[in-house]
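Undergrad: What shape does this take:
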Amino acid sequence: MSLIHNHDFKWYLVRDNFLTPEECESQIQHINDKVDKDEFVWGSLHNCKNVETEDKNVLNKIWKIAKLSNQLVFKFDIDSIQHSCIKLYPIENFKDINSRLGAGTLFHSDYAAGDGKVVNTTTKMSCVIFLNDEFEGGGLQIWNDKIDAKKGRIIIFPSFAAHRVLEFDKKDRYTMITFIKGNTFK
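TA: Take a look at the predicted model:
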């Protein structure tokens, strides 16, 4: 039997200016409106506030780049967006978690979180879009690589890759997180 190798695989892809400044501001306004009304999807998981993404145009853009990235690099069996949300990491909450855990959040993966969770074994790819960059720090670390936060930047990576939010200061941090799903790995 001959094994099929993926020589194009990368641990992550980065594209700057994926969302326009106006699209980023619209998403930030959406979460701020929900925060004002106390309407959250996951409450305050990992000391952040989460609301579902409702902008169909942005979701379509994410799905298109996820499909292209998958076709060229990851080659997973994917079929749709599993979940997409906007995350607000309030600076005061992040400082609180840092004082308890040390600098930055702990490494984690978005794969196989278990029954009743948003992500599971059908979660194949994770997409992070920075909606603002007025804070200091706050990038994303995937394995040993640190990727700076930049407004409008998208990072796409396999959901099983160990990653974490890097410590940040000065301002609240807004991101959009999207999970791409497909049949579980064979």
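Undergrad: Please, which helix or strand holds residue 22?
TA: Under the criterion of DSSP states H and E, residue 22 resides in helix 21-37.
Undergrad: in that helix, what counts as buried?
TA: 23-24, 27-28, 30-32, 34 (16 or more other C-beta atoms under 10 Å). In this view, the C-beta of every residue, glycine as well, is placed from N, C-alpha and C.
Undergrad: in the chain, which helix or strand is least confident?
TA: helix 91-101 (a mean of 58; mean pLDDT, DSSP states H and E).
Undergrad: after it comes which helix or strand?
TA: strand 123-130.
Undergrad: Rounded mean pLDDT for that following strand, please.
TA: Throughout strand 123-130, pLDDT has a mean value of 96.
Undergrad: Report all helices and strands that whichever helix or strand comes after it contacts.
TA: Counting by DSSP H and E, the element after strand 123-130 in chain order, helix or strand, is strand 136-137. Counting contacts by 3 or more C-beta pairs under 8 Å, 6 or more residues apart in numbering; DSSP states H and E, strand 136-137 is packed against strand 168-169.
Undergrad: So which elements touch the strand it packs on?
TA: Using 3+ C-beta pairs under 8 Å, 6+ apart, strand 168-169 is in contact with helix 91-101, strand 136-137.
Undergrad: Hmm, residue 176 is touching residue 88, no?
TA: No: counting by C-beta atoms under 8 Å, residue 176 does not reach residue 88; the two are 10.8 Å apart.
Undergrad: So for these two, which sits in the more crowded spot?
TA: residue 176 (27 against 22; other C-beta atoms under 10 Å).
Undergrad: related to what we said a few turns ago, so for the buried residues of helix 21-37, which is the shakiest by pLDDT?
TA: residue 34 (80).
Undergrad: Distance of that one relative to residue 78?
TA: The gap separating residue 34 from residue 78 is 28 Å, by C-beta to C-beta, to the nearest Å.
Undergrad: Please apply the same query to residue 86.
TA: 22 Å.
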